[in-house]
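[1] Sequence plus predicted model, see below.
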Amino acid sequence: MAEQNVELIRAAFAAYERGDIDGVLALCAEDVVITQAPEVVATGVAPQQHGHDGVLEAFGIWPNQWDDFEIEIRRIVAHPGDHVVVDTHQRGRGRQSGVDVEAEFYFTFAVRDGRIAEWQIFVDEGDALAAAHPAG
């Protein structure tokens, strides 16, 4: 199951990189919940997005703010309880400012019934790992 979860997440990132948003949506549960990094929320972004409409909204929050936006996957690791953590390096040039920016982001995904059910974004790897090991 762990390898299937990793492959699901790889497929979602690959679909995004191809610009296949419908492909990403097909890999997400209808009731997927996306939780933004608190640092992004601080800039006036809603802390969560819900469902397929929320996926589209989430894509508009970060990637659409950049020209030449790229996500480099550095590592994908399966964790207990159908969780997958992805370590990424992201770069782009601000669409309005023209400033080049690079940053590390970590994603924690929870998989349910072969689909992405939860998608959390972090700037701190420790926070992403803690989310992959929920109490209870």
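    Looks like it arrived, so ask away.
[2] Quick check: next helix or strand after the lowest-mean-pLDDT helix or strand in the chain?
    Scoring the helices and strands of the chain by mean pLDDT, DSSP states H and E places helix 38-41 at the bottom, with a mean of 75. Using DSSP states H and E, the helix or strand that follows helix 38-41 in sequence is strand 48-50.
[3] other SSEs contacting that next one?
    strand 28-35, helix 51-61 (3 or more CB pairs under 8 Å, 6 or more residues apart in numbering; DSSP states H and E). No exception for glycine: its C-beta is placed from N, CA and C like everyone else's.
[4] so Ala131 makes contact with Trp119?
    No - Ala131 is not in contact with Trp119 according to CB atoms under 8 Å; the separation is 10.5 Å.
[5] residues shared between the contacts of the two?
    Here Ala131 and Trp119 share the contacting residues Thr108, scored by CB atoms under 8 Å, 6 or more residues apart in numbering.
[6] ok, back up a step: what are the contacting residues of the least confident helix or strand of the chain?
    Pro47, Ile61, Trp62, Ile121, Val123.
[7] CA atoms of it as CSV?
    Extracted in CSV, the C-alpha atoms of helix 38-41 (Å, rounded to 0.1, in the frame of the first residue of the first chain):
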residue,chain,number,x,y,z
PRO,A,38,0.5,29.2,8.2
GLU,A,39,3.0,31.6,6.6
VAL,A,40,0.8,31.8,3.5
VAL,A,41,-2.4,32.2,5.6
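[8] Thank you, goodbye.
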